[in-house]
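Chemist: Mind looking at a prediction? Sequence and model below.
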Amino acid sequence: MNTMDSEINMSKEAPLEEPGRQYYYIEKAKQYILEKEQEIGRKLTFCVTTFGCQMNARDSEKLRGILLAVGYEETIEDVADFVIYNTCTVRENANTRVYGRLGQLKPRKKQNPHMMIGLCGCMMQEPEVIDKLKKSYSFIDIIFGTHNIYKFAELLCNRFETGKMTVDIWKDTNKIVEDLPNERKYPFKSGVNIMFGCNNFCSYCIVPYVRGRERSRNPEDIIREIERLVADGVSEVMLLGQNVNSYGKNLETPMSFAKLLVEIEKIEGLKRIRFMTSHPKDLSDELIEVMGKSKKICKHLHLPVQSGSSRILEKMNRRYTKESYLTLVEKIRKAVPDISLTTDIIVGFPGETEEDFLETLDIVRKVRYDSAFTFIYSKRTGTPAATMEDQIPADIVKDRFDRLLTEVQTIAAEVCAVHKDQDVEVLVESVSDHDPSMVTGRMSNNLLVHFGGSEELIGSYVNVHLTECKGFYYIGEFQ
Ligand code: SAH
Ligand code: SF4
Ligand code: F3S
């Protein structure tokens, strides 16, 4: 965890510069919490529950870092004094789930006078959501959005001082605050934000509206963070951004994602580099070349296709065609022959005909993905697709979704099976949840293998013989 070097003088006003200002509020919140704990005679506890993507997971680590710094202890949601939901709104069902869970928290808050509820993340960036929460969920204590997560300690102090619901939502920001605490989920691997926001405006997607415009971190800050992580035991990083391939375009001194990777590769002690997500339209030849030569970049590329129909891709504003996507896949496979390719696919986009859908099945058969996340199109208010004509009836979408899933799973099982009898290096991540006498390791291509071994192996790299393919994972033997 990071700390500030200078002493924090609490008798003075809060400093205006960041991150100094937040370290001031961390100290202040610490005192409020200590007083409360002395009053009730026990420790206060928290739980951050994350919905959505890796970006949110990383943000939750930042929240956990601040909560631990101010003196809370971590526990499970069912008993926590402070429950924070870091929300997602990419599809409607993500929102429904949050409202459902909030309904269940309400009676708990009545029983526990020290209980607090915090809401943050993408869903909070929607004005209708805030209106609804203020009107019908007045028992919530703190609400903030995606742009001001770094201010969590300050908001916490505000809540303690006013005793009222604290709401702070920013429409957008060009600010990136570095060097605040964070508490990783895994000691040996970590997500690292390289950029925030998205400028692509795919016509179905709400992310650009809730995460704001694209901002890249300075390469020096990224490198320094990874160096510190490595010194702290991390050997695998996942570089995070909605579209990592457009990294660096808006920096004062522009830098390509490929160049950033070359720099990161030089960090001693770092063994594996992953990244997500890659937008096909910006995947450069330079990047393919770097991937082909790299010793550290993992043999896995998540390359969301969304649809196999060029007509639908145009309506989605994806800015590539079925043909150009297939050409790209060919180029990548040529440069990195053993690469695993995964994707995201949406079915039931407005105007999708049976013919369009057959194009999607066709691209799945042509690419033969190692795995694919398949989604039913969800109408997001404010996006161009929400008002497009010809929204597809639910029964037709369901039928297409089922057909797609069968295809994707059949192919994935076949593709996964080719590794049988290979010897591979894996990073051991956990005790297997199938069997406590086994551990689970992740291969470079992102597949998991369960094999006999004990807890001490967690965090280390070992060689495993892949004995049996179980569809989407392997059973192996420690070499
Ligand atoms: N930035 C990433 C994706 C982020 S959202 C990219 O461009 O690839 C993750 C996935 O959610 C998307 O790839 C898409 O398949 C899906 N998704 C986004 N909006 C959706 C919507 N309105 N309905 C259904 N799926 C959606
Ligand atoms: Fe959404 Fe498209 Fe941006 Fe991905 S690239 S976050 S799908 S708008
Ligand atoms: Fe969801 Fe926000 Fe990620 S909407 S998918 S958590 S960027």
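Modeler: Structure received. Ligands and ions are numbered 1, 2, ... in the order given.
Chemist: Leu105 reaches Ile117, doesn't it?
Modeler: Yes - assessed by C-beta atoms under 8 Å, Leu105 is found in contact with Ile117 at 5.8 Å. For the C-beta atoms, the positions are set from N, CA and C on the backbone; glycine is no exception.
Chemist: Which neighbours do those two have in common?
Modeler: Shared contacts of Leu105 and Ile117 (C-beta atoms under 8 Å, 6 or more residues apart in numbering): Val83.
Chemist: Comparing the two, which shows the higher neighbour count?
Modeler: Taking other C-beta atoms under 10 Å, Leu105 and Ile117 do not tie; Ile117 has more neighbours (21 against 16).
Chemist: how about the closest residue to that one other than its chain neighbours, phi and psi?
Modeler: Leaving aside its sequence neighbours, Ile117 sits nearest to Ile140 (C-beta to C-beta, 6 or more residues apart in numbering; 4.9 Å). Ile140 adopts backbone torsions of phi -80, psi 140, taken as degrees, to the nearest 10.
Chemist: now swap in Arg272 and tell me
Modeler: Phi and psi for Arg272, reported as degrees, to the nearest 10, are phi -130, psi 140.
Chemist: how near is the residue of the stretch 301-450 of the chain found nearest ligand 3 to Tyr204?
Modeler: Using C-beta to the nearest ligand atom, Arg380 is the residue of the stretch 301-450 of the chain that sits closest to ligand 3, at 9.3 Å. Going from Arg380 to Tyr204 by C-beta to C-beta, to the nearest Å gives 7 Å.
Chemist: between these two, who's got more neighbours?
Modeler: Using other C-beta under 10 Å as the criterion, Arg380 and Tyr204 rank with Tyr204 on top: 25 against 22.
Chemist: The closest residue to the more buried one other than its chain neighbours - how many residues pack around it?
Modeler: Distance criterion C-beta to C-beta, 6+ apart; nearest residue to Tyr204, sequence neighbours excluded, is Ala385 at 4.3 Å. By the criterion of other C-beta under 10 Å, Ala385 has 21 neighbours.
Chemist: I figured Ala385 was touching Lys379, is that so?
Modeler: Yes - shown here, Ala385 and Lys379 form a contact pair, counting by C-beta under 8 Å, at 7.2 Å.
Chemist: Show me which residues of the stretch 251-400 of the chain sit near ligand 3.
Modeler: Counting by C-beta under 6 Å from any ligand atom, the stretch 251-400 of the chain comes close to ligand 3 at no residue.
Chemist: in stretch 187-206, what counts as buried?
Modeler: Neighbour counts over stretch 187-206 (16 or more other C-beta atoms under 10 Å) mark 188-198, 200, 202-206 as buried.
Chemist: again with stretch 399-413
Modeler: Burial within stretch 399-413, assessed by neighbour count using 16+ other C-beta under 10 Å, is assigned to 400-401, 404, 407-408, 411-412.
Chemist: and that stretch with ligand 1, contact?
Modeler: No - between stretch 399-413 and ligand 1, judged by C-beta under 6 Å from any ligand atom, nothing touches; the nearest distance is 10.9 Å.
Chemist: what mean pLDDT would you report for that stretch?
Modeler: Mean per-residue pLDDT for stretch 399-413: 97.
Chemist: Touching that stretch from outside, list them.
Modeler: Applying C-beta under 8 Å, 6+ apart, the contact partners of stretch 399-413 are 345, 347-348, 352, 357, 360-361, 364-365, 368-372, 374, 376, 469, 471-472.
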